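Colleague: Could you work out the structure for the sequence below:
(6 chains)
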Protein chains: 6
Amino acid sequence: MDLLREDSGYFDLTTFGLGIGEKLGSISFAPKSDTILSGCDEAKKVFQECQLEYTFFQKNGTLVKAGQKIAECKGDAKSLHRAWKTAQNIFEYMSGIATYTHEMVQKAQLINPDITIATTRKNFPGTKELMLKAVMDGGGVAHRLGLFDSVLIFEQHLVFLQNEEELIKNFHKLKKSFIEKKIIVEVESYEQARYFAQLGADVLQCEKMSPAMLSECVGLKKEFGHLLVSATGGINASNIAEFVACGVDAIITSSPYHAKPADIKVIMEQK
Amino acid sequence: MDLLREDSGYFDLTTFGLGIGEKLGSISFAPKSDTILSGCDEAKKVFQECQLEYTFFQKNGTLVKAGQKIAECKGDAKSLHRAWKTAQNIFEYMSGIATYTHEMVQKAQLINPDITIATTRKNFPGTKELMLKAVMDGGGVAHRLGLFDSVLIFEQHLVFLQNEEELIKNFHKLKKSFIEKKIIVEVESYEQARYFAQLGADVLQCEKMSPAMLSECVGLKKEFGHLLVSATGGINASNIAEFVACGVDAIITSSPYHAKPADIKVIMEQK
Amino acid sequence: MDLLREDSGYFDLTTFGLGIGEKLGSISFAPKSDTILSGCDEAKKVFQECQLEYTFFQKNGTLVKAGQKIAECKGDAKSLHRAWKTAQNIFEYMSGIATYTHEMVQKAQLINPDITIATTRKNFPGTKELMLKAVMDGGGVAHRLGLFDSVLIFEQHLVFLQNEEELIKNFHKLKKSFIEKKIIVEVESYEQARYFAQLGADVLQCEKMSPAMLSECVGLKKEFGHLLVSATGGINASNIAEFVACGVDAIITSSPYHAKPADIKVIMEQK
Amino acid sequence: MDLLREDSGYFDLTTFGLGIGEKLGSISFAPKSDTILSGCDEAKKVFQECQLEYTFFQKNGTLVKAGQKIAECKGDAKSLHRAWKTAQNIFEYMSGIATYTHEMVQKAQLINPDITIATTRKNFPGTKELMLKAVMDGGGVAHRLGLFDSVLIFEQHLVFLQNEEELIKNFHKLKKSFIEKKIIVEVESYEQARYFAQLGADVLQCEKMSPAMLSECVGLKKEFGHLLVSATGGINASNIAEFVACGVDAIITSSPYHAKPADIKVIMEQK
Amino acid sequence: MDLLREDSGYFDLTTFGLGIGEKLGSISFAPKSDTILSGCDEAKKVFQECQLEYTFFQKNGTLVKAGQKIAECKGDAKSLHRAWKTAQNIFEYMSGIATYTHEMVQKAQLINPDITIATTRKNFPGTKELMLKAVMDGGGVAHRLGLFDSVLIFEQHLVFLQNEEELIKNFHKLKKSFIEKKIIVEVESYEQARYFAQLGADVLQCEKMSPAMLSECVGLKKEFGHLLVSATGGINASNIAEFVACGVDAIITSSPYHAKPADIKVIMEQK
Amino acid sequence: MDLLREDSGYFDLTTFGLGIGEKLGSISFAPKSDTILSGCDEAKKVFQECQLEYTFFQKNGTLVKAGQKIAECKGDAKSLHRAWKTAQNIFEYMSGIATYTHEMVQKAQLINPDITIATTRKNFPGTKELMLKAVMDGGGVAHRLGLFDSVLIFEQHLVFLQNEEELIKNFHKLKKSFIEKKIIVEVESYEQARYFAQLGADVLQCEKMSPAMLSECVGLKKEFGHLLVSATGGINASNIAEFVACGVDAIITSSPYHAKPADIKVIMEQK
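Modeller: Next up, the predicted model:
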C-alpha cells in the first residue's frame, strides 16, 4: 500500500534500535472534538497490511463525539508503530474534509434542503480519491472527476471558436455527441447565462457572481424548463448561506479540500 | 505521469465534443499576488507528457510578482486543456506551501537568523514528495521523511519499556546502533528534557511547552555541549516568533501543509 | 510501456542469436483493405520507447485506403523487431474496432443523422482505454466508463428496494444527489418505461425490446419533454437499422469490441 | 487489482445515490449455454478485493452446462455491484476463448489425437495473460509468449542477411546459442521448407500454404528425423480440419482471441 | 508480488504439462550448514500469494543449524512449484548476506564490543530493501539509504567549491540547514581529517587509509569532543579486525552484498 | 525509473545544503582494470531521467581497457550527483557479471568452441533482467527465465507421480503438449539419464555428477540421435574446464551472479 510505504519505508529505526519491536501492545484512535468520520476503508487497509488485529467502533460519515474510540488494533510494537502515523494522517485529513463539508451542507440545507454541495477538481494533485471520498462522507458529492467524465465548457474552450456561427454549430455537435451527459457551461454574466440557456445548456455554472446577478440567472429557470443553476468561485462555510439564498440548485466549491485536519488522539499501550 | 492521469483520464469529452482539439493555441500561468514559486519540475513533466512546447520564465524558490508569467506553453487545444488544471493545481498547492513556509522563515530569522524551520511527517497521505519539495522551495527542510531515515523517541515508544533500567539499557543500545544518526527525543516537561539530555539525547524536541518551560529546556544547552533544542506542537506563522524567542535551534511544524493554495491565473489563447 | 513489455520482455532471442541486431533498416505499416485508422498515439509511444525515428502519414479517425502507408520507422534491426508486433497489434485491434464502429454509425445515420452510437462497459478486462479510444476514432462515444462516472439504474439495484414507497423516496434522493448527471434507467417493458419516465428518469435505456415495444417507448418522448430513449441488447452492424428506425436517440452496443482486427501489412527492409 | 479498478473507479454513484449500499444480498453467475469455463482465478481475486464471501461450484477447463451455477457471492450491495461487471466480463471473455479453443481442439483431434493447437502472440495488447490462460483452459497452449521465450525466424529477419553465406553462418550461430530451444522457421514455400529443414530447423511453420503444398512439407518429416511441421495463417474452427488432415504436428492460430464472449447470466438478490 | 512474478510468470509449463497441478503435497526449507536466517517476511508473502498453508519454525536474525527446518508449506503441486524457487532464492541470498554480516560483526566485536557495522549504498540496483534487511538480520545497519536521508560530503562535492572561503561558508550553511542530521565527511588523509574536524564535521569517514593514518585520525577524537571516526574502503570479513583495532567507531562496508548465498535444501513431498 | 529512485529519493540533502546544485560540471566513468562492459542501456536511462547530456565511448559486450572512458555526462551538480551512484552501481555489478561470464566462456571454448554457457534462474530476486543482460553481454545466455518459458522436469515433479506407468503416460502428455519446446530433465545418475533419454527427453541436465558419470551420460548421445547433455551444480570459472572436457553441450551455472563487481572509477569535475 503506497500510502503506508511513503511513511514507513523499509524499516523503523527507532523501534528496531530500542529493541522493542516484538513486544505486544495496542493502539487506539479517538477524535479530540466532535468529528464527521472519514478514512475507515483506507485505515483498514493500513492495519491489514501491517498484519494488525483491528476493531472499528464507528463508520464513515457518522458523527464521532470527542473521546469516542474510532478503532483499536492489537499487535507487536513494530507493527503498531508502522501503522500509527499513516492511519492517523488518513483519519485527520479525511475527517477534516468530511467535517468541513458537513458544516457547509448543514448551513446550506437550513435554507434549501434540496441543495447539492459538490467539490471541484482542484484537489491536491495525487489525492483525488481520498479527498472525494471524504467529501462524500461529509454529505457532498464530486462535481466532476476530471476531463473524462463530464462536459463543462469554460471561457478557455470558447477562445478556440472563431465566431458565433462556429460556436452554435459546435455546441450542437457537442450536445448531440454526449446525449447521456448534461451540458454544463461556466458563465460570468447574466447575458452569457441567458445566451447559453437558450442555446441548450443543461446547467449554468455561475462563476464569481454577485448575489444580485446570481439571482437573475436563477430567474432563467422559469423560462427554461429543465435548466439548473449552480454557483462557484470563493464559496466556503462562512459565506455559503448567501449563495444558497439566491436559489441555486448546487454549490460548487474547493474549500473542503483546505479544511483543517481533525485532531485525532492516539493512545498506544503495552499489553 | 499519475498526477496528470488522475485528472485527464482517457480523453477530454468537452474538447472532443466541441471539435476544437486540433486548433493551435497557448497557455500561460501567472500568480495573482506575490508568491514564492514551487512546482516547476512537476509542471514541466506535465507539459512534456502532453507534448507541449514550453518556456519557463521563473525558478523554484524565487519570489514571483503578481502578474509575472511563470511559464508559457504552445500546442493544440487538446493538449493545452489536458495540461491545464493539473499544472495549475501543482503550482497553486506547492507555491502556497512555499509561500507560507517562507513567511514562517522570514518571521523566525528576524529573531534568530540561524533558526531551522522543519516540517513534520504529518503530510496529506500520498503527497509527501510534493509537500516537502515545496517546503524546501520556501526555505524550510524536512524534519524527517518517516520511520526509516531518522531516530525519534516518542512517549509511544517508552510505554514498551518496563522500567528505568530497561530504558537506560535500550537507549544506549539504540545510540550505539545508529551512531551516524542524531538521537532525537520528544519531551513534554523540563524534567523529561533534563533526563534525556543527561542520558545522551542529541536533540530535545519540546512538545507543546509554554514559553517559560521551553526557555528552561533551552537552558540545558549550556550544560550539555552538543545538545540542540527544538519546539513543536501548534506552531504557525502567527505564533512562531514567541517560540523562536525562547532560543530554540529549530521549529518543527506541520502548518505549511495546510497553507492556502496560491492563486494562479491561467490564460489560454488561440494562435 | 507495459504493452510493449508484454511482448518484447527482456530481449529478443532470435535477433540476438542471428547477430543482426545492429543492422539498419526500416519498417512500414499499411492496411490490406480500406480501414478507419486508430492506434496512432499508442503506436507512437511504442516507437518512442524503442528509440526509432518515425513518420506518420495518416491520422486517427480517417479512412486509410488499402496499401496506403500509415507510418514508417527507421532504426536498427533490434529496435525494429522489438516494436513490430506490438505496434501491429495496436493498429489491427484498434482499427478493427474503429472500422466496425464507423460502419454502425454510417448505417445508423442514413436513417437518423443525429443518432448517437455509444459502447458499453463490457470491454475485455484491461482494455477499456484502447477499446474506447478506437470507438471514438470510429465515430462512436463511450456510454459510461464504469460505476464512477454516470448513474444507471438496473434491475439489480431495484432488488434492494423493499417496496414502491422506498423506490420513490430513494429515486428522488439519487436524483437530488447528482443533479449534474442524467439519471438513466434500464427498462424491459413499456410499463416500466412509462413508470420511470413519470418518476423523472432522463434517459430510458430499453433492453432487448421488440421494435414494436421500442417504438412505444419512444412515444413517451412526446409526453415527457426532456426524455431521451436508447436501445440496447444484441445490436450490431447487421441489425442496427431496425433499431434506429424506431426513433431512439442512441444505440448502446458492445459489438465493436468484438470486431475482426484490421489486416495491417508490415514491410521490413534493410537500409 | 487493476481490472477491477478500471470499471469500479473511486465509488459507485448509483448504489451510493440510491442509498442501498449497506443492504445484504447475493450474486451468482451461470452460463446461458454450454461453456468451457475460464477465469475462475481472476474472478476470485475480484471477489476477494471486494471483500465478498464466495463459493465456486465449477473449475476452469470444465464444461459447464447452461444454467449451472459457476459461483455465488454474498455481501453488501455496494460490494456486489462493485464486483459484478468486472467478474462477468472476465468469465464471458475468457470462457468465450476457452470454448472456441476447445471446439478447435475437438475438431482437430478427431483427425489427429496428438495434434497441438497453439495460439500466436497476436493478442489484444494488454491481455496476453488472460487470453493465454483461457486458451489453456480450452485445451490449447501458447505458441510463444513473445520475443523473449522462443526462437522463430521470419522473412523479416532474413532481409537483414546479405547473402546465403551469411545466412548459413548466422543460422548456425543461432542454433548454437540456444541449444535448449527449438529453432522454428516460418516458411512460405516447399523450397524454403526443404532449405531450412536441411539447414537444421527443428520446426517448420508453414504460413498460408495450400493443402497440397502443406502436405508436401509434411513429407519432409520422413527425411529429417526430428523435424516437426506446423501450419499457420487464417486457420479457425471452420477450416481447421483440412489443415490437420495434411498431417501437421501443430496448428498455430489467433482465432480464439476473437471468439464471441460466452453469455453469462448474473442474478442478484437481496438476502 | 513482483519477486514471485519475475520467476513464475503467467503459468508453469512443466507442472501443467505433466498434469500434476492438483495433487497435494508439501515443501520445506532447511539450510545445509549453520546460517543466520533472513528473508522470512518476504518468503511469507510468496507463500501467501501462492495461497499455501505455511508454518515458520525459525525467526529472522537467529542461527539456524544445518538441517533444521525454517518453514514448511502445504498445498497443491501447482502452488508449491510456483513458490519454490522464489522463496528459496530469497532465503539463500538474504541469509547469505545476514550470515556474512554476522561474521564481520562477531570478528569486530571481539575487539570492540561497541563497534557499528554499517553497509553502503553500493547494493545491486533494485535490491536495496532486501539487502539492507538482511544486513540488519545479521547485526549490521544501513550506513545511508541514499541521497535523501543523510548528509555525506565527498571529494565530488568539493570540486564544485571555488576556494576555501566558499567551502567554509557553504559548510556552515549545510550544517545549519540540517541540524537534526550528523554531518559526515569522507576524508583521505590526516590533514583533511583534521581540517574537517575543526570545521565541525560530526563524523569523519576515512577512505582507504593505512592503519597508521587511521589511528592518527582516531586520535582527533580526544581533541574534538563529539567527533566520531569510521573506516571504509575494501573492508571485509578477512581484514576487518585490523581496522577495528585502530579504534574507529564504525566500519562502513559493501562486502556483505557480495556474500555467497546460503545453501538451502528444499524437500518436496506428495501428501 | 525505479533503480534511480531507490538511491536518489525525493532530493539530495548534501548538494542542496552545500548550495552547489546549480553549478555546471561533468562526470565520467572508466574501469580500473580490463572489463567486459555491461549496463550501457540502463545507465543511459539514468542519464536521460536526470536530464544530463551524455556521450558513450564504448558498447556493451566489448572489452574496455583499464582507464578507458565508458561514458561522460554534462549537467548541473544536482543532476550529476543524482545519477552518479546508480549509474556506477549498474556498471559495476553488470560488468562484473559480464566479465566473469566471459572468463567462463573463454575457458570453456578453449576445449569446446561450440559449448553453451547458460545461467540459471537462481538470480537475486528482483534482478533477473539486469543479471541476464549482463550474462549475454559476457557471451552466455539464459538457461530459462522461469516456469513460463521452458519445460524442465526435476525430482520435485516426479514425487507427484505414483508409479512408472503414470510417469510414462504423463511424460508423453507433456511432450505432446509442448512440441515447440525441448523437454529437459534433470538427472542425478547414469541410470536415470538413460531412462529419460529412452523416454524421449531432448536434453539431459546432469546435476552434480562426477566427471566419470558425466562422461558416461554424454555417451548416450551416440545412441540417441538428437539428445543433448548439459552439466550443472557447483560449476564456476575455476572448475569449468573439467566439466567441458566431459563432452557436454552446455554448462548451466549460477556463478556469474555472484561475481565480484567491476571497479569503475568516477571522475567529477566543475566546468
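Colleague: Spell out which parts of the stretch 1-150 of chain A neighbour chain E.
Modeller: Within the stretch 1-150 of chain A, the positions lying close to chain E (CB under 8 Å from any CB of the partner chain) are A:9-11, A:16. In this view, the C-beta of every residue, glycine as well, is placed from N, C-alpha and C.
Colleague: Kindly recompute the last result at 6 Å.
Modeller: With CB under 6 Å from any CB of the partner chain as the criterion, the stretch 1-150 of chain A meets chain E at residues residue A:10.
Colleague: show me the biggest helix of chain A in terms of residues.
Modeller: helix A:77-111 (DSSP state H).
Colleague: Which neighbouring elements make contact with that helix?
Modeller: The criterion is 3 or more CB pairs under 6 Å, 6 or more residues apart in numbering or on different chains; DSSP states H and E, and the helices and strands that helix A:77-111 contacts are helix A:2-8, helix A:13-18, strand A:24-31, strand A:35-36, helix A:40-49, helix A:128-137, helix A:240-244, strand A:264-270.
Colleague: Go through those and name the closest to residue E:242.
Modeller: Taking CB to CB, helix A:13-18 is the member of the helices and strands packed on helix A:77-111 nearest to residue E:242, at 27.9 Å.
Colleague: What is the closest one packed up against?
Modeller: If contacts are counted by 3+ CB pairs under 6 Å, 6+ apart, helix A:13-18 sits against helix A:77-111, strand B:151-153, helix B:164-177.
Colleague: close to chain A, is the shortest one?
Modeller: Yes. Counting by CB under 6 Å from any CB, chain A has neighbours in strand B:151-153: B:151-152.
Colleague: If you count neighbours, what's buried in the next helix or strand after that strand?
Modeller: For strand B:151-153, the following helix or strand on the C-terminal side (DSSP states H and E) is helix B:155-158. Within helix B:155-158, the residues scored as buried using 16 or more other CB atoms under 10 Å in any protein chain shown are B:156-158.
Colleague: Dump the residues you listed to CSV, plus pLDDT and distance to residue B:218.
Modeller: CSV is the format used below for the buried residues of helix B:155-158 (pLDDT from 0 to 100; distance: CB to CB, whole Å):
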residue, pLDDT, distance to residue B:218
B:156, 96, 25
B:157, 97, 24
B:158, 96, 23
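Colleague: Let me see the mean pLDDT of stretch A:82-90.
Modeller: Computed over stretch A:82-90, the mean pLDDT rounds to 98.
Colleague: Pull the residues that contact that stretch.
Modeller: Applying CB atoms under 6 Å, 6 or more residues apart in numbering or on different chains, the contact partners of stretch A:82-90 are A:3-4, A:7-8, A:39, A:42-43, A:46-47, A:50, A:52, A:264, A:266, B:121-122, B:125.
Colleague: looking at those residues, which has the most residues close by?
Modeller: residue A:39 (31 neighbours; other CB atoms under 10 Å in any protein chain shown).
Colleague: Which residue is the nearest non-sequential neighbour of that one?
Modeller: Spatial nearest neighbour of residue A:39, excluding adjacent residues (CB to CB, 6 or more residues apart in numbering or on different chains): residue A:94 at 3.7 Å.
Colleague: and the helices and strands packed on helix A:77-111, which is most packed in?
Modeller: strand A:35-36 (a mean of 26; mean count of other CB atoms under 10 Å in any protein chain shown).
Colleague: which neighbours does that one have in its sheet, and in what orientation?
Modeller: With DSSP bridges as the test, strand A:35-36 is paired with strand A:63-64 (antiparallel).
Colleague: Give me the distance from the partner strand to the chain's centre.
Modeller: Strand A:63-64 sits 18 Å away from the centroid of its parent chain (CA atoms, centre = their mean, to the nearest Å).
Colleague: Buried residues, stretch A:149-163. List them.
Modeller: The neighbour-count check on stretch A:149-163 (16+ other CB under 10 Å) flags A:149-154, A:156-158, A:160-161 as buried.
Colleague: leaving aside the residues next to it on the chain, what's closest to whatever residue of the stretch 51-200 of chain A ends up closest to chain E?
Modeller: Relative to chain E, the nearest point of the stretch 51-200 of chain A is residue A:51 (9.5 Å; CB to the nearest CB). Nearest non-adjacent residue to residue A:51, counting by CB to CB, 6+ apart: residue A:79, 5.9 Å away.
Colleague: from memory that neighbour sits against residue A:50, does it?
Modeller: Yes. Between residue A:79 and residue A:50 there is a contact at 4.4 Å, judged by CB atoms under 6 Å.
Colleague: coming back round to it: out of the buried residues of stretch A:149-163, flag the one nearest to residue E:31.
Modeller: Ranked by distance to residue E:31 (CB to CB), these are led by residue A:149 at 55.5 Å.
Colleague: so what pLDDT did the closest residue to that closest one other than its chain neighbours get?
Modeller: Ranked by CB to CB, 6+ apart and with sequence neighbours excluded, the top spatial neighbour of residue A:149 is residue C:149, at 3.7 Å. On pLDDT, residue C:149 comes in at 97.
Colleague: Please settle this for me: is residue A:205 part of a helix?
Modeller: No. Going by DSSP: H, G, I helix; E, B strand; the rest coil, the assignment for residue A:205 is strand, not a helix.
Colleague: okay, now it: neighbour count?
Modeller: Neighbour tally, residue A:205, other CB under 10 Å: 27.
Colleague: ok, now how distant is it from chain D?
Modeller: 19 Å (CB to the nearest CB, to the nearest Å).
Colleague: In the beta-sheet assignment, what are the partners of that residue?
Modeller: residue A:186, residue A:230.
Colleague: ok, it - contacts?
Modeller: Contacts of residue A:205 (CB under 6 Å, 6+ apart): A:184, A:186, A:230, A:232.
Colleague: need the contact list for the residue of the stretch 151-271 of chain A found nearest chain C.
Modeller: Proximity of the stretch 151-271 of chain A to chain C (CB to the nearest CB) peaks at residue A:226, 4.8 Å away. By CB under 6 Å, 6+ apart, residue A:226 lies in contact with residue C:226.
Colleague: Show me how the record splits chain A into domains.
Modeller: According to automatic domain parsing, chain A comprises the domains A:3-99+A:260-270, A:104-258.
Colleague: Nice, that's everything, thank you.
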